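K.L.:
Quick one, what's the 3D model for this:
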Amino acid sequence: MDRTTKGDAGPLHPESRPAQLRSLTGMRFFAAFMVFGFHTAFIGMYPGVQETMNKVLWQAGFLGVGFFFVLSGFVLAWSSRPSDTTRAFWRRRAFKIFPNHLTTFIAAALLLALVDGMVLNGRDAVLNIFLLQSWAPDMNIRGNYNGVAWSLSCELLFYLSFPLVMRWINKIRPSRLWTWVGGLVVVIFTIPFLTMLFPSAPLMTFSDVTDLEMWSIYQAPLPRMLDFTVGILLARIVLTGQRLPLGRAGAAVLVVIAYVASQFVPHTFGLVALMVVPLGLLIAATAKADAEGRKSWLGSKPMVWLGDVSFAFYMWHSLLLWYGYMTVFGPATTLGGALAEMAAIFAVTLFVAWLQYSLIEHPIMRRFSVSKRDKEKKAKELAATVIPIKPSDDDRAAA
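P.N.:
Now for the predicted structure:
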């Protein structure tokens, strides 16, 4: 048996793990908000400071999505139990992502038809409905309808492959987990180097990378499986009691340093490679702090609530931001006006996200994520664990 590093708490058994990593739930909202901030810069709400907004917020969207991908692997590995079945796992994940996805897809289709007067593309619609759009190298396919749903196309691959990947990673000896993390990080850094062989044109309108580079590095499901797998490995590192090189505060500082450094490296490296290690360490250190019972404002009730609605916020924000800007606000003439517009659209998006979570996402998950057969099986298992108490002589006398 591998020994844990001196000074660590030791392995966390399934029964001793906290059911919810509250601080990580709170951090989810910051990731979603960073994507929101990126898109405000992208549409140019205030042309007078557009260059500054691009410098400050350019990396925000890529950081937010990268956080979600690493977090997905980490949280799924953290909550994995030997008694769970592949069928039950797939059912839970399907009822988690498809209600929000289909709701926002319908909204996007209606807005494209009624507001933009566009003729809807049936091929793109089918690919989007079934979350296959990110397998297409064409940005027009990946970005059609609700553009942010491309990330769910990657998540769908993560969920389908997770049971197999988790079985493989569970066979890795704890002392070798960091070696595997290092190997995957090397592969992640290799991908931007390989894209140097691609044609150098045409560049995308909002970046100095090409469409093919954006797809190969950032939006294609197979390369993003690497981020997801790093998250799984880091969860195993924490669960098996291996030492982390940085605590929560140190990892947060490293994220900030990497974020600033992204302004000075080629964008092909800033899309994914530069941020994956800092984000992974921040997630792992935050989870370890939660597991050890260390309090954080990120785990407060308001932040957990924001984290709960963050998925719906992420799925709605691009539509509301774009159509709010196009049909209601338009370019602001002052910085104060731009900030007011952003605040108004943010408030509307948060309200819509709360409605989506309260009326659709949460009720559907509660009702359908576990099959009736599994519920009955669990009830029987619980009943079997109840030990009948034999009445004492005093109890008989009292009767």
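K.L.:
Could you check how far the nearest residue to residue 300 once chain neighbours are set aside is from residue 334?
P.N.:
Excluding its sequence neighbours, the residue lying closest to residue 300 (Cβ to Cβ, 6 or more residues apart in numbering) is residue 26, at 7.1 Å. From N, CA and C alone the C-beta is placed, and that goes for glycine too. Using Cβ to Cβ, to the nearest Å, residue 26 is found at 33 Å from residue 334.
K.L.:
which of these two has more neighbours?
P.N.:
Counted by other Cβ atoms under 10 Å, residue 26 and residue 334 do not tie: residue 26 has more neighbours, with 24 against 10.
K.L.:
wait, doesn't the more buried one sit right on residue 304?
P.N.:
Yes. When contacts are counted by Cβ atoms under 8 Å, residue 26 is listed as touching residue 304 (5.7 Å).
K.L.:
Next, show the common contact partners of these two.
P.N.:
Counting by Cβ atoms under 8 Å, 6 or more residues apart in numbering, residue 26 and residue 304 have no common neighbour.
K.L.:
for stretch 248-265, which positions count as buried?
P.N.:
248, 251, 252, 254, 255, 258, 259, 262 (16 or more other Cβ atoms under 10 Å).
K.L.:
Restricted to strands, list those.
P.N.:
Within the buried residues of stretch 248-265, no residue falls in strands by DSSP state E.
K.L.:
Which two of those have the greatest separation?
P.N.:
By the measure Cβ to Cβ, 248 and 262 form the most distant pair in the buried residues of stretch 248-265, at 21.5 Å.
K.L.:
Please, which helix or strand holds residue 363?
P.N.:
helix 362-368 (DSSP states H and E).
K.L.:
In the chain, where is pLDDT below threshold?
P.N.:
1-19, 44-53, 203-207, 374-399 (pLDDT under 70).
K.L.:
80 instead?
P.N.:
Applying pLDDT under 80 to the chain flags the ranges 1-20, 41-58, 200-208, 326, 329-338, 371-399.
K.L.:
now the residue most central in space within it: how far from residue 130?
P.N.:
Centroid check for the chain by Cα atoms, centre = their mean gives residue 68 as the closest residue, at 2.2 Å. Going from residue 68 to residue 130 by Cβ to Cβ gives 20 Å.
K.L.:
For the helix or strand hosting residue 75, buried residues please.
P.N.:
Here residue 75, judged by DSSP H and E, is contained in helix 50-79. Neighbour counts over helix 50-79 (16+ other Cβ under 10 Å) mark 50, 53, 57-79 as buried.
K.L.:
next one: stretch 264-273
P.N.:
267, 268, 269, 270, 271, 272, 273.
K.L.:
Distance of the second one relative to residue 246?
P.N.:
To tie it back to what came earlier, the one meant is residue 268. To residue 246, residue 268 is 26 Å away according to Cβ to Cβ.
K.L.:
wait, residue 97 sits on residue 157?
P.N.:
No. Applying Cβ under 8 Å, one finds residue 97 not in contact with residue 157, separated by 12.0 Å.
K.L.:
all helices for the stretch 51-200 of the chain, in order.
P.N.:
With DSSP state H, counting those that start in this stretch as the criterion, the stretch 51-200 of the chain has helices at 86-114, 122-129, 139-142, 150-170, 177-194.
K.L.:
Any idea which of these gets closest to residue 35?
P.N.:
Using Cβ to Cβ, the nearest of the helices of the stretch 51-200 of the chain to residue 35 is helix 150-170, at 9.2 Å.
K.L.:
how about the closest one as PDB, C-alpha atoms only?
P.N.:
Listed next in PDB are the C-alpha coordinates belonging to helix 150-170 (Å, rounded to 0.1, in the frame of the first residue of the first chain):
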ATOM      1  CA  TRP A 150     -20.400  23.900 -28.200                       C
ATOM      2  CA  SER A 151     -18.900  23.200 -24.800                       C
ATOM      3  CA  LEU A 152     -21.700  20.800 -24.000                       C
ATOM      4  CA  SER A 153     -20.700  18.900 -27.100                       C
ATOM      5  CA  CYS A 154     -17.300  18.300 -25.400                       C
ATOM      6  CA  GLU A 155     -19.000  17.600 -22.100                       C
ATOM      7  CA  LEU A 156     -21.200  14.900 -23.700                       C
ATOM      8  CA  LEU A 157     -18.000  13.000 -24.700                       C
ATOM      9  CA  PHE A 158     -16.700  13.400 -21.200                       C
ATOM     10  CA  TYR A 159     -19.800  11.900 -19.700                       C
ATOM     11  CA  LEU A 160     -19.900   9.000 -22.200                       C
ATOM     12  CA  SER A 161     -16.300   8.100 -21.600                       C
ATOM     13  CA  PHE A 162     -16.100   8.800 -17.900                       C
ATOM     14  CA  PRO A 163     -17.000   5.200 -16.600                       C
ATOM     15  CA  LEU A 164     -14.200   3.700 -18.700                       C
ATOM     16  CA  VAL A 165     -11.700   6.400 -17.900                       C
ATOM     17  CA  MET A 166     -12.400   6.200 -14.200                       C
ATOM     18  CA  ARG A 167     -11.900   2.500 -14.200                       C
ATOM     19  CA  TRP A 168      -8.500   3.000 -15.800                       C
ATOM     20  CA  ILE A 169      -7.400   5.700 -13.500                       C
ATOM     21  CA  ASN A 170      -8.500   3.800 -10.400                       C
END
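K.L.:
quick one, it and helix 177-194 angle?
P.N.:
For helix 150-170 against helix 177-194, the angle by axes from the mean of the first three to the mean of the last three Cα atoms, to 10 degrees is 140 degrees.
K.L.:
And helix 150-170, what does it pack against?
P.N.:
Using 3 or more Cβ pairs under 8 Å, 6 or more residues apart in numbering; DSSP states H and E as the contact test, the elements touching helix 150-170 are helix 50-79, helix 86-114, helix 221-239.
K.L.:
With secondary structure as added columns, please give the buried residues of stretch 264-273 in TSV.
P.N.:
Output for those, formatted as TSV (DSSP: H, G, I helix; E, B strand; the rest coil):
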residue	secondary structure
267	helix
268	helix
269	helix
270	helix
271	coil
272	coil
273	helix
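K.L.:
Which one of these is nearest to residue 242?
P.N.:
Among the buried residues of stretch 264-273, and counting by Cβ to Cβ, the member closest to residue 242 is residue 273, at 23.3 Å.
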